[in-house]
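Peer 1: what follows is a predicted structure for the sequence shown.
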Amino acid sequence: MNFSFIIPNLIIFCGWIFSVCFHEWSHSVVAYLGGDISVKQKGYLSFNPLTYIHPVTSILLPLILLAIGGIPLTGGAVYIDHESIPSRWMRSAVSLAGPSSNIIAAVLFATIYRYLPLTPVALNALGFLIFLQFYAAILNLLPIPSLDGFGIIEPWLAPSQRTYIRSIGFNFGFILLLGLLILVPNFSKGIVDASLKGVMAFGVPLRAVGYGAEIFSGSTSKAIFGILTLIMLVGFYFHQYICNAHLRYFQNGYKFFTAGEFHKALKAYKHVVEQRPQFYEGWKQMGLVLYLLGKYEQSIAAIEKAIKLDRSDWSLYLFNGNSYAKLGKFAKSANDFSTALKLSPNKYAVYNDRGLALAEQGNYEQAISDLSTGIQLATDNPIILAFSYNNRGYAFYLQGDFESALIDINRSLSIASNNYYAYYNRGLVYLAKELNSAAKEDLVRFVELCQTPQNKHSFQVQELLEKANLQLQKLA
């Protein structure tokens, strides 16, 4: 081991850890500005390296890269709730923030390189570190699932395309990337060449990058990497299982929730609030799951706990507004919807849900007004726009305006052909118009589309399935 290389290797490792934190922090800040306030509760705005440690990108992937002779540097990960970010532009910006932070870090390191009186060895380490920033930025901009490049374009894909990509899993993207790096020499060479051009554009000589790479490829760097990996393993264990065990349960709960396993998610969220009663995001998610399970009074109780901890989250009042509406407590429902709109006047979700509640009460004029506002606010989000048209179509149906109902529901299906609620509502319209054959076809399609793990435990979907099957029995 060459001990003279310890300092330059530490410069590279510490600079890289800083850039990883900056990368993940940038994702989180933009997500927070876009509407995902959960990143604050998860600790992602703290710039704490332990918060960003991920078993695959921080430990497993660097070990694989080291084994194949690559650059054994750690990565990080943050869990963003994209559904709480209404704007497609902001969801793209969240992903773009990561690679942009690497370029900003390169500018910072290049400024240090040019203006601070450092030793030649330290300058070589900085040169290599600048190269790594460009390499990370270019790699992350590739449109491969699991990378930021795909995250930038994902909000603009058709709903069916996004559903298909999610069905094959983001692990496919990781395997594809690893395969390209290992098996396609020109792929890796192209990224390296582009990164070197970026380094030269900043006035850093290529010889500094080359000497820095030599320093980093020696036994000293491997020893430091081994120590760093051990520290990360210990840090990850203490952070996840001792200091912040509630976050581990929270992440597990989120995984169960997205898979539609609501009972398992509820159990995980109960562990969260037992271990950290002041963690409002745990109460919030538990309230949402309880709502989906049809336990509206328990949902309200959980959400009230969350409101006591953070009264600024508009979505808490939205959840309770929906629960009160389901219980027939329309005065309380209206009050909570109004509070949600005061906190966030331009949220289409509030207008959609309040519109549906008003339609169920028979206040069709105000309901259709709210749902029309929801449509206007959801124009840049195709999935939400499809649901918004369907909701207004349902309000027209309740009002008895079947032609307007069909126009809106058909618009919904033209945007998202797998919107099962739209098939159900159109089936109801056809029944009202005594078009039994068309009604049967739509209700059958609704039943088929509902046969997913996500819907298996949803009380609201199961309730509609029972109604649809009863109607089909009458039509048989």
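Peer 2: Happy to help now that I have it. Numbering: from 1, shown residues only.
Peer 1: what about residue 204, which SS state?
Peer 2: Reducing the assignment at residue 204 to three states with DSSP: H, G, I helix; E, B strand; the rest coil gives coil.
Peer 1: what sits against residue 131?
Peer 2: Under the criterion of CB atoms under 8 Å, 6 or more residues apart in numbering, the contact list for residue 131 reads 195-196, 199, 209, 212-213. (C-beta placed from N, C-alpha, C; glycine too.)
Peer 1: may I ask which of the residues you listed has the most neighbours?
Peer 2: Neighbour counts for the contacts of residue 131, by other CB atoms under 10 Å, peak at residue 212, which reaches 27 neighbours.
Peer 1: residue 123: which of the contacts of residue 131 is nearest?
Peer 2: Using CB to CB, residue 212 is the member of the contacts of residue 131 that sits closest to residue 123, with 8.5 Å.
Peer 1: I'd say residue 144 and residue 179 touch.
Peer 2: No. Between residue 144 and residue 179 there is no contact under CB atoms under 8 Å: 10.7 Å.
Peer 1: more neighbours, these two?
Peer 2: Neighbour count, other CB under 10 Å: between residue 144 and residue 179, residue 144 has more, with 18 against 11.
Peer 1: for that one, give me the backbone phi and psi.
Peer 2: phi -110, psi 130 (degrees, to the nearest 10).
Peer 1: distance check, it against residue 24.
Peer 2: Note on residue 144: its distance to residue 24, by CB to CB, to the nearest Å, is 19 Å.
Peer 1: same question, residue 113
Peer 2: Taken as CB to CB, the spacing of residue 113 relative to residue 24 amounts to 24 Å.
Peer 1: please apply the same query to residue 157.
Peer 2: When distance is defined by CB to CB, residue 157 is 24 Å away from residue 24.
Peer 1: so the two - more neighbours on which side?
Peer 2: Comparing residue 157 with residue 24 by other CB under 10 Å, the one with more neighbours is residue 24, at 24 against 14.
Peer 1: residues in contact with that one?
Peer 2: In this structure, residue 24 makes contact with 44, 52, 76-78, 98, judged by CB under 8 Å, 6+ apart.
Peer 1: which of those sits closest to residue 277?
Peer 2: Comparing the contacts of residue 24 against residue 277 with CB to CB places residue 44 closest, at 21.2 Å.
Peer 1: any idea which helix or strand carries the nearest residue to that closest one once chain neighbours are set aside?
Peer 2: Spatial nearest neighbour of residue 44, excluding adjacent residues (CB to CB, 6 or more residues apart in numbering): residue 28 at 3.7 Å. Using DSSP states H and E, residue 28 falls within helix 6-34.
Peer 1: what sits against residue 84?
Peer 2: Shown here is residue 84, whose contacts under the criterion CB under 8 Å, 6+ apart are 35-38, 315.
Peer 1: to clarify, my last question referred to residue 175.
Peer 2: Applying CB under 8 Å, 6+ apart, we find residue 175 in contact with no residue.
Peer 1: mind checking how far it is from residue 162?
Peer 2: Residue 175 is 20 Å from residue 162, where distance means CB to CB.
Peer 1: cool, residue 141 as well?
Peer 2: 19 Å.
Peer 1: between these two, who's got more neighbours?
Peer 2: residue 141 (19 against 15).
Peer 1: correct me, but that one touches residue 148?
Peer 2: Yes. Under the contact definition of CB under 8 Å, residue 141 touches residue 148, with a separation of 6.6 Å.
Peer 1: what residue ranges in the stretch 351-476 of the chain score low on pLDDT?
Peer 2: Low-confidence segments of the stretch 351-476 of the chain, defined by pLDDT under 70, span residues 454.
Peer 1: helices along that one, start to end?
Peer 2: When assigned using DSSP state H, counting those that start in this stretch, the helices of the stretch 351-476 of the chain occupy the ranges 364-377, 382-399, 402-415, 420-432, 436-449, 453-456, 459-475.
Peer 1: what is the helix or strand containing residue 214 packed up against?
Peer 2: Using DSSP H and E, the element containing residue 214 is helix 206-216. Contact analysis of helix 206-216 by 3 or more CB pairs under 8 Å, 6 or more residues apart in numbering; DSSP states H and E lists helix 6-34, helix 120-140, helix 185-201 as its packing neighbours.
Peer 1: that helix vs helix 120-140, what angle?
Peer 2: For the pair helix 206-216 and helix 120-140, the angle between their directions (axes from the mean of the first three to the mean of the last three CA atoms, to 10 degrees) equals 90 degrees.
Peer 1: which outside residues touch stretch 383-391?
Peer 2: With contacts defined as CB under 8 Å, 6+ apart, stretch 383-391 is touched by 86, 159, 348-349, 352, 355-356, 371, 374-375, 378-379, 408-409, 411-413, 415-416, 419, 421-422, 425.
Peer 1: repeat that for stretch 414-429.
Peer 2: Taking CB under 8 Å, 6+ apart as the criterion, the residues outside stretch 414-429 that touch it are 159-160, 163, 382-383, 385-387, 389-390, 393-394, 397, 402, 405-406, 409-410, 412-413, 438-440, 442-443, 445-446, 449-450, 464, 468, 471.
Peer 1: just the buried residues of those.
Peer 2: Among those, those that count as buried by neighbour count (16 or more other CB atoms under 10 Å) are 382-383, 385-387, 389-390, 393-394, 397, 402, 405-406, 409, 412-413, 439-440, 442-443, 445-446, 449-450, 464, 468, 471.
Peer 1: circling back to that earlier point, need the overlap of contacts for residue 141 and residue 148.
Peer 2: Any residue near both residue 141 and residue 148 by CB under 8 Å, 6+ apart counts here, and that gives residue 99.
Peer 1: so where's the protein shaky on pLDDT?
Peer 2: Counting by pLDDT under 70, the ranges of the chain that qualify are 1-5, 53-76, 159-160, 163, 166-171, 218-245, 454.
Peer 1: what residue spans form the domains of it?
Peer 2: Following automatic domain parsing, one gets these domains for the chain: 3-243, 245-345.
Peer 1: including distance to residue 433, could the ones you listed go into a markdown table?
Peer 2: Written out in a markdown table, the entries for the domains of the chain read as follows (distance: least, CB to CB, whole Å):
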| stretch | distance to residue 433 |
| --- | --- |
| domain 3-243 | 28 |
| domain 245-345 | 28 |
